[in-house]
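# fold the stuff below for me.
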Amino acid sequence: MLNNLQTLRAIAAYSVVIYHCLMRFVRPEDPIGMAYLDLPSGGVDLFFVISGFVMVHTTRDDETPGWFATKRIARIVPLYWIATFVVIGLVLVREWLFPTTLVTPESILASLFFVPHLDAAGHVYPILGVGWTLNYEMMFYALFAISLFLPRAFRLASILLLITLVWAIAMIAGDSVFTRFYANPIIFEFAAGCAIAYALRAPAVIAFVRATPMWPLALAGFAALVILPSLLGRDIATLFKYGIPAMFIVFAAAAQDLYRAPAATSVITRLGDASYSAYLLHPIVIAIVAQVVLLVAGEGLLAEGLILAATLVTTAVISTLSMKYFEKPTAALVRNLVRRPRQVAGH
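Okay, the predicted model is just below:
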């Protein structure tokens with residue numbers, strides 16, 4: 001178990017939880033203050049770099065594209081679809097809980113099948129707003145699956161080339177929701193994570209890691225994560241503000257796990273293991289917790305603090321239960337449903 005990476009997953013997930021809580025109540029006018037309010041949203045960039053690393057690290061050399069796709073669908077789709085339908089139900093009952101969510105047959109299909117589309121406010125968000133990142137993830141998984149048709153020696157180059165092609169085509173193609181979405185350089189963070197995984201297999205890099213403490217590199221990454229947003233401003237692509245620092249952090253964490261003293265399992269690593277559930281379910285938690293707290297405590301600073309604290313605790317509990325009793329069993333069920341016909345056909 002790569003426990004340092006699991007810790008980073010927990011940090012990434014709960015940074016986004018904090019960000020969405022803050023965005024619900026705090027809207028400073030100062031651009032520098034707003035840049036720092038956006039800081040927790042960098043958890044998404046950290047997730048993307050980790051995702052690229054994990055795909056390379058956990059995929060066998062003889063993995064088939066079909067089986068890779070099956071595992072990814074089994075991991076991502078069931079909980080996402082359930083959470084999406086929960087939001088649809090809440091919107092139908094209490095529309096003001098998710099005021100910009102657009103519930104139409106077209107938006108439902110686009111959300112469920114990871115097609116970028118506009119919500120009621122004109123933003124590229126699916127029905128479950130945080131699912132916009134899964135549109136990028138599924139694009140990356142499709143490109144990664146294509147790379148598996150090639151020998152191992154060519155896979156990193158093919159991933160870099162395919163991601164660059166997607167970005168370049170989106171940049172030069174006609175203006176549309178689809179092209180604007182995939183022209184975001186944030187997609188290169190997946191490639192960076194892949195490159196880190198391949199670099200950590202190189203003998204020279206392994207020797208460097210074994211001879212060099214990794215904590216200064218991680219510290220430099222976190223320092224850059226704090227400093228760069230105010231220096232670069234809100235209009236600069238998150239690849240540069242958050243993605244580059246995330247690359248240093250992920251490299252240091254993975255290198256520490258692989259070739260130095262790995263971190264022990266802890267409450268934080270367990271939260272990291274359940275980070276996908278935390279990421280998907282926390283908007284629903286925020287919507288419900290906020291209504292309960294506002295009814296009990298009214299508005300004001302105390303209520304906002306209570307909403308943040310209650311959201312963090314509730315998300316941690318629900319995500320842990322979701323991971324244990326829904327995520328893992330459903331992923332195993334989907335994998336077995338696909339594997340079983342293959343085994344029968346083999347007999």
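# the helix or strand harbouring residue 313 - contacts with which helices or strands?
Using DSSP states H and E, residue 313 sits in helix 301-322. In this structure, helix 301-322 packs against helix 3-25, helix 267-273, helix 275-297, with contacts taken as 3 or more CB pairs under 8 Å, 6 or more residues apart in numbering; DSSP states H and E. Any C-beta I mention is one placed from the backbone N, CA and C, and that applies to glycine too.
# residue 71: which of those is closest?
Nearest of these to residue 71, taken as CB to CB: helix 275-297 at 13.7 Å.
# can you give me the buried ones in that closest one?
275-290, 293 (16 or more other CB atoms under 10 Å).
# returning to that earlier point: what does the helix holding residue 313 rub up against?
With contacts defined as CB atoms under 8 Å, 6 or more residues apart in numbering, helix 301-322 is touched by 13-14, 17-18, 21-22, 24-26, 79, 270-271, 274-275, 277-278, 281-282, 285-286, 289-290, 292-294, 297.
# go on, stretch 13-20?
The contact list for stretch 13-20, computed with CB under 8 Å, 6+ apart, reads 37-44, 46-47, 130, 271-272, 275-276, 278-279, 282-283, 286, 308, 311-312, 315, 319.
# which among the residues you listed end up buried?
Buried, going by 16+ other CB under 10 Å: 37-44, 46-47, 130, 271-272, 275-276, 278-279, 282-283, 286, 308, 311-312, 315, 319, out of those.
# quick check, residue 86 in contact with residue 283.
No: here residue 86 lies out of contact with residue 283, judged by CB atoms under 8 Å, at a distance of 10.0 Å.
# now the helices for the stretch 151-300 of the chain?
152-172, 177-182, 188-199, 203-211, 215-232, 238, 244-259, 267-273, 275-297 (DSSP state H, counting those that start in this stretch).
# who does the fifth one touch, helix- and strand-wise?
I take that to be helix 215-232. helix 31-37, helix 244-259.
# worst mean pLDDT among the ones you listed?
The weakest mean pLDDT among the helices and strands packed on helix 215-232 belongs to helix 31-37, with a mean of 56.
# check residue 20 and give its pLDDT.
89.
# spit out the contact partners of residue 24.
So residue 24 contacts 286, 290, 307 (CB under 8 Å, 6+ apart).
# now it: how far from residue 282?
Here the distance between residue 24 and residue 282 works out to 12 Å (CB to CB, to the nearest Å).
# cool, residue 104 as well?
In terms of CB to CB, residue 104 sits 25 Å off from residue 282.
# buried set for stretch 199-218?
Buried residues in stretch 199-218, counted by 16+ other CB under 10 Å: 199, 200, 205, 209, 214, 217, 218.
# over to stretch 95-115?
97, 98, 101, 102, 103, 107, 108, 110, 111, 112, 114, 115.
# and after the least confident helix or strand in the chain by mean pLDDT, which helix or strand comes next?
The helix or strand of the chain with the poorest confidence is helix 31-37; it has a mean of 56 (mean pLDDT, DSSP states H and E). As assigned by DSSP H and E, the chain's next helix or strand after helix 31-37 is helix 43-58.
# who does that following helix touch, helix- and strand-wise?
If contacts are counted by 3+ CB pairs under 8 Å, 6+ apart, helix 43-58 sits against helix 3-25, helix 132-147, helix 188-199, helix 244-259.
# can you put those in CSV and add distance to residue 168?
Putting those into CSV (distance: least, CB to CB, whole Å) gives the following:
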stretch, distance to residue 168
helix 3-25, 28
helix 132-147, 13
helix 188-199, 12
helix 244-259, 21
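# ok, which of those helices comes nearest residue 68?
Of the helices and strands packed on helix 43-58, nearest to residue 68 by CB to CB is helix 132-147, at 5.2 Å.
# for that closest one, the distance to its chain's centre please.
12 Å (CA atoms, centre = their mean, to the nearest Å).
# could you check the angle that helix makes with helix 275-297?
Taking axes from the mean of the first three to the mean of the last three CA atoms, to 10 degrees, one finds helix 132-147 and helix 275-297 inclined to each other by 180 degrees.
# pLDDT of helix 132-147, averaged?
Across helix 132-147, pLDDT averages out at 98.
# check contacts around residue 205.
Residues near residue 205 by CB under 8 Å, 6+ apart: residue 199.
# run through the stretch 1-150 of the chain and note the low-pLDDT ranges.
When residues are selected by pLDDT under 70, those of the stretch 1-150 of the chain lie in 25-37.
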